[in-house]
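Enquirer: need a structure here:
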Amino acid sequence: MTQTGRTVVVTGAAQGIGLAIARAFAAQGDFVALCDINLAAAEQAASQLPNARAYAVDVTSEAQIAAFFAQLREERPAVDVLVNNAGLQYIAPVQDFPLDRWNTLLAVMLTGPFLMSKHALPSMLAQQSGRIINIASVHGKLASPYKSAYIAAKHGLIGLTRTLALETANQGITANAILPGAVRTSLVEKQLPQLAAQDGISEEEALQQHILDRQPLKRLLEPSEIGDSAVFLASHAARAITGESLSVAGGW
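Expert: Numbering: from 1, shown residues only. Prediction:
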């Protein structure tokens, strides 16, 4: 049973994994709200999709999030699927990690999903139906050097996912996390020079050592592979799956 015509909200949707997720939902006939702090980039992305609209949303601002959902309620009958994807990275040893960077990463990748879920839930609860999908990371269950804030946020996001699942289990709503491994995005590509510099090695060596060494598949994943996984978790076929963390990481 394929559900189409739903309203799907994706954060960090202007590029990378977020855009791939938006594209996957739009391809099956859903309306996609592309939320991003960069409105121009989100508008460019939305123009590539058959049924989508861009919205300027800073996921660290509850006021902006509340205003977005109020606007969306005027335009659409309900919020059916929320995909919390917005993310960023900063690499430094703990002793050199700036507090403002720590706070920013946790605000975007942990507080952001909390706030987006908080304001999406009233619509889902009213219709007794909904899907919340949090894009975590294999770093939600594993650790790597120099990524303390990212890893802390992703561990916390898995905990938030499980709490959401328990609170909504009898309300027709599911909450799950996807744990991507290394995906071919600018977020990963931008890490390589920093990791190489930290260890005094080449970028190719950094890719192998920090990213692919523990991954049996030995390749970067494609963003579309994460999009396909999100579509599955939002489908009728996944209606009994909640509180789970689905690794899409090439065996990592």
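Enquirer: so where's the stretch 1-150 of the chain uncertain?
Expert: Segments of the stretch 1-150 of the chain classed as low confidence (criterion: pLDDT under 70) are 1-4.
Enquirer: show me the strands in it, by range?
Expert: Using DSSP state E, counting those that start in this stretch, the strands assigned to the stretch 1-150 of the chain run over residues 7-11, 31-36, 52-56, 81-84, 130-135.
Enquirer: hey, what's the angle from the last one to strand 7-11? Just curious.
Expert: When you say that, I think you mean strand 130-135. Compare the direction of strand 130-135 with that of strand 7-11 by axes from the mean of the first three to the mean of the last three CA atoms, to 10 degrees and you get 20 degrees.
Enquirer: quick one, which of the strands of the stretch 1-150 of the chain is packed in tightest?
Expert: Neighbour counts (mean count of other CB atoms under 10 Å) averaged over each of the strands of the stretch 1-150 of the chain peak at strand 81-84, with a mean of 30. Placement of C-beta: from N, CA and C, glycine included.
Enquirer: turn the strands of the stretch 1-150 of the chain into TSV, columns for distance to residue 92.
Expert: Compiled in TSV, the strands of the stretch 1-150 of the chain are given as follows (distance: least, CB to CB, whole Å):
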stretch	distance to residue 92
strand 7-11	25
strand 31-36	26
strand 52-56	30
strand 81-84	25
strand 130-135	23
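Enquirer: nearest to residue 185 among those strands would be which one?
Expert: strand 130-135 (11.4 Å; CB to CB).
Enquirer: who are the packing partners of the closest one?
Expert: Packed against strand 130-135, as judged by 3 or more CB pairs under 8 Å, 6 or more residues apart in numbering; DSSP states H and E, are the following elements: strand 81-84, helix 112-127, helix 148-168, strand 173-180, helix 223-233.
Enquirer: and for the second one, what's in contact with it?
Expert: If I follow you right, that is helix 112-127. Around helix 112-127, the neighbours that count as contacts under CB atoms under 8 Å, 6 or more residues apart in numbering are 9, 11, 59-60, 62, 65-66, 68-69, 73, 78-80, 82, 84, 86, 130, 132, 134, 157, 160, 164, 168, 171-173, 175.
Enquirer: buried subset of these, written for PyMOL?
Expert: Buried members of the contacts of helix 112-127, identified by 16 or more other CB atoms under 10 Å, are gathered into one PyMOL selection as follows:
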select buried, resi 9+11+59+60+62+65+68+69+79+80+82+84+86+130+132+134+157+160+164+168+173+175
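Enquirer: pull the number of nearby residues for residue 85.
Expert: Taking other CB atoms under 10 Å as the neighbour definition, residue 85 ends up with a count of 30.
Enquirer: and what of residue 170?
Expert: The number of residues packed near residue 170 is 8, by other CB under 10 Å.
Enquirer: same check, this time on residue 143
Expert: By the other CB under 10 Å criterion, the neighbourhood of residue 143 contains 12 residues.
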